[in-house]
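# sequence and computational prediction follow.
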Amino acid sequence: MKAQVGLYHVSRNMGSWNVYQYNFVTATSNSSTKIDSFPYFEEAIKAMYKLNGWNEPKNISQRN
């Protein structure tokens, strides 16, 4: 997924998973606002898909 203003993305932060919304994007940097925090990766991904208006994924797997 390419960063675009208004889209939501997931990032890890000290043992939890956070959903952020891009509010500024350039070719070399971006800025995001934290929307919510989740204890599990799967929950954060489901929330991100819902917020972006996408259909929920059938399989959720975490890449290390």
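Thanks, I have it. Note that the structure is predicted; figures quoted are calculated from it, not measured.
# and stretch 11-28, what's its mean pLDDT?
Averaged over stretch 11-28, pLDDT sits at 95.
# now stretch 37-48
Taken as a whole, stretch 37-48 has an average pLDDT of 96.
# again with stretch 52-64
pLDDT averaged over stretch 52-64 gives 87.
# how far does that stretch sit from its chain's centre?
Relative to its chain's centre, stretch 52-64 lies at 10 Å (CA atoms, centre = their mean, to the nearest Å).
# where does A3 land in three-state SS?
coil (DSSP: H, G, I helix; E, B strand; the rest coil).
# and for Y49?
Classified using three-state DSSP, Y49 is helix.
# which parts of the chain are helices?
41-52 (DSSP state H).
# please name the residues that touch V5.
22-25 (CB atoms under 8 Å, 6 or more residues apart in numbering). Backbone N, C-alpha and C define where each C-beta goes, glycine included.
# tell me which of the residues you listed fall in strands.
22-25 (DSSP state E).
# buried residues in stretch 31-47?
Neighbour counts over stretch 31-47 (16 or more other CB atoms under 10 Å) mark 32, 38, 43-47 as buried.
# try stretch 18-26
Neighbour count says stretch 18-26 has 18-22, 25 buried, by 16+ other CB under 10 Å.
# which two of those lie the greatest distance from each other?
N18 and V25 (17.8 Å; CB to CB).
# of the contacts of V5, which pair is most distant in space?
N23 and V25 (8.3 Å).
# now do the shared contacts for those two.
5, 31.
# for S32, give me its contacts.
9, 11, 20-23.
# got the contact list for the spatially closest residue to S31 that is not a sequence neighbour?
Take S31 and drop its neighbours on the chain: the residue closest to it by CB to CB, 6 or more residues apart in numbering is F24, 4.0 Å away. F24 sits next to 5, 30-31 when contact means CB under 8 Å, 6+ apart.
# check these against L51 and report the nearest one.
The closest of the contacts of F24, once distances to L51 are taken by CB to CB, is V5, at 14.1 Å.
# what's the pLDDT at the closest one?
94.
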